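Participant: Sequence unavailable; structure follows:
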């Protein structure tokens, strides 16, 4: 079993590498073994899983994951941290060293072939790019079956929000295209070094079987929420070329034009995108 990293080991590693956690890359290092175990348990992993971990940092979560799964591919943008992670695994979990693949790269620039066929994404995502990274990987890897990510609590609430909620928005709808999204708990700030100014939350996504995403789906969602207080008829008038055309498409999709975007589920948006794809003459900007 891996020897998980505690506060002393985290500080020692950071000092050895002369690492000062940076806001640029959203770095806050987990140093609480109990929190690591909680995250791994919440991910509901199996021994044959291939896990992608984005932003492994000093390796706290990586070590916990290696105990449970067949393989971990860690994606790290910081060159010093990327260079040290294999050594940390060899030191704390030598029996698992061959189960780790390290990719020194920006997760937003990953190509589909680079990670193979991962079955799970488990990560303490860099908070400044959490939603873009999550959506990018969900789109790239249809082999994913489940996701368990730690993000800023406010972002977790948004991702798991239901239609009609005050925090329901673009991230909520887009994430729900891929699977069933729910909160899996809150994480206090004191399990990190340095302690952030914000609380964190766990989000779990159980993925649906892969399905084709209509080309207009994302632009439709973006347009519907760009002006939250406007009715859909008004908010989508630019997308369709006129308010009349927007109303026609909405009614064809059995959506009331006087509603606001925050009331629509992903199924509503899918229906609208399908109607739009079939009407052949809408003007999109």
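Facilitator: Looks like it arrived, so ask away. Small disclaimer: the values here were computed from a predicted structure and weren't measured.
Participant: who's in contact with stretch 151-166?
Facilitator: 125, 127, 130-131, 134, 167-169, 171-172, 175, 181-183, 186, 198-203, 262-265 (CB atoms under 8 Å, 6 or more residues apart in numbering). The way it works is simple: take the backbone N, C-alpha and C, and place the C-beta from them, glycine included.
Participant: Now which of these would you call buried?
Facilitator: Neighbour-count burial (16 or more other CB atoms under 10 Å) applied to the contacts of stretch 151-166 gives 125, 127, 130-131, 134, 167-169, 171-172, 175, 181, 200-203, 262, 264.
Participant: Inside helices: which ones of those?
Facilitator: The helices, defined by DSSP state H, take in 130, 131, 134, 171, 172, 175 from the buried ones among the contacts of stretch 151-166.
Participant: Tabulate the residues you listed in TSV, adding columns for pLDDT.
Facilitator: Shown next, in TSV, are those (pLDDT from 0 to 100):
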residue	pLDDT
130	96
131	98
134	98
171	98
172	98
175	99
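Participant: Taking the residues you listed, tell me the two that lie furthest apart.
Facilitator: Distance extremes for these: the farthest pair is 130 and 172 at 13.7 Å, using CB to CB.
Participant: And the helices in the stretch 151-285 of the chain, which stretches?
Facilitator: Assigned by DSSP state H, counting those that start in this stretch, the stretch 151-285 of the chain shows helices spanning 153-159, 170-178, 217-226, 232-235, 237-240, 243-252, 266-279.
Participant: which strands and helices sit next to the fifth one?
Facilitator: Judged by 3 or more CB pairs under 8 Å, 6 or more residues apart in numbering; DSSP states H and E, the packing partners of helix 237-240 are helix 217-226, helix 243-252.
Participant: could you dump the ones you listed to CSV with mean pLDDT?
Facilitator: Below are those laid out as CSV (pLDDT from 0 to 100):
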stretch, mean pLDDT
helix 217-226, 97
helix 243-252, 96
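Participant: To residue 149, which of those lies closest?
Facilitator: helix 217-226 (20.3 Å).
Participant: In the closest one, which residues are buried?
Facilitator: Buried residues in helix 217-226, counting neighbours by 16+ other CB under 10 Å, are found at 217, 218, 220, 221, 223, 224, 225.
Participant: Pull the residues that contact it.
Facilitator: Outside helix 217-226, the residues that reach it (CB under 8 Å, 6+ apart) are 169-170, 173-174, 177, 232, 235-236, 238-239, 261-262, 264, 269-270, 272-273, 276, 284.
Participant: Now render the ones in helices among the buried ones among the contacts of stretch 151-166 as a markdown table, adding distance to residue 112.
Facilitator: Below are those laid out as a markdown table (distance: CB to CB, whole Å):
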| residue | distance to residue 112 |
| --- | --- |
| 130 | 21 |
| 131 | 20 |
| 134 | 16 |
| 171 | 22 |
| 172 | 25 |
| 175 | 19 |
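Participant: Go through the residues you listed and name the one nearest residue 247.
Facilitator: Taking CB to CB as the measure, residue 172 is the one of these closest to residue 247, at 24.7 Å.
Participant: okay, the closest residue to the closest one other than its chain neighbours: pLDDT?
Facilitator: Nearest residue to residue 172 in three dimensions, chain neighbours excluded: residue 161, at 4.5 Å (CB to CB, 6 or more residues apart in numbering). On pLDDT, residue 161 comes in at 98.
Participant: phi, psi of residue 161?
Facilitator: As for residue 161, its main-chain torsions (degrees, to the nearest 10) stand at phi -70, psi 150.
Participant: thinking again about what came up before, ok, of the contacts of helix 217-226, which come out buried?
Facilitator: 169-170, 173-174, 177, 232, 235-236, 238-239, 261-262, 264, 269-270, 272-273, 276.
Participant: Test my guess that residue 81 contacts residue 19.
Facilitator: Yes - with contact defined as CB atoms under 8 Å, residue 81 counts as touching residue 19 (7.0 Å).
Participant: which residues are in contact with both of those two?
Facilitator: residue 58.
Participant: Looking at these two now, which is surrounded by more residues?
Facilitator: Higher neighbour count among residue 81 and residue 19: residue 81, with 25 against 18, using other CB atoms under 10 Å.
Participant: Now do that one against residue 88, distance only.
Facilitator: From residue 81 across to residue 88, the span is 9 Å (CB to CB, to the nearest Å).
Participant: for residue 184, same thing?
Facilitator: For residue 184, the distance to residue 88 equals 26 Å [CB to CB].
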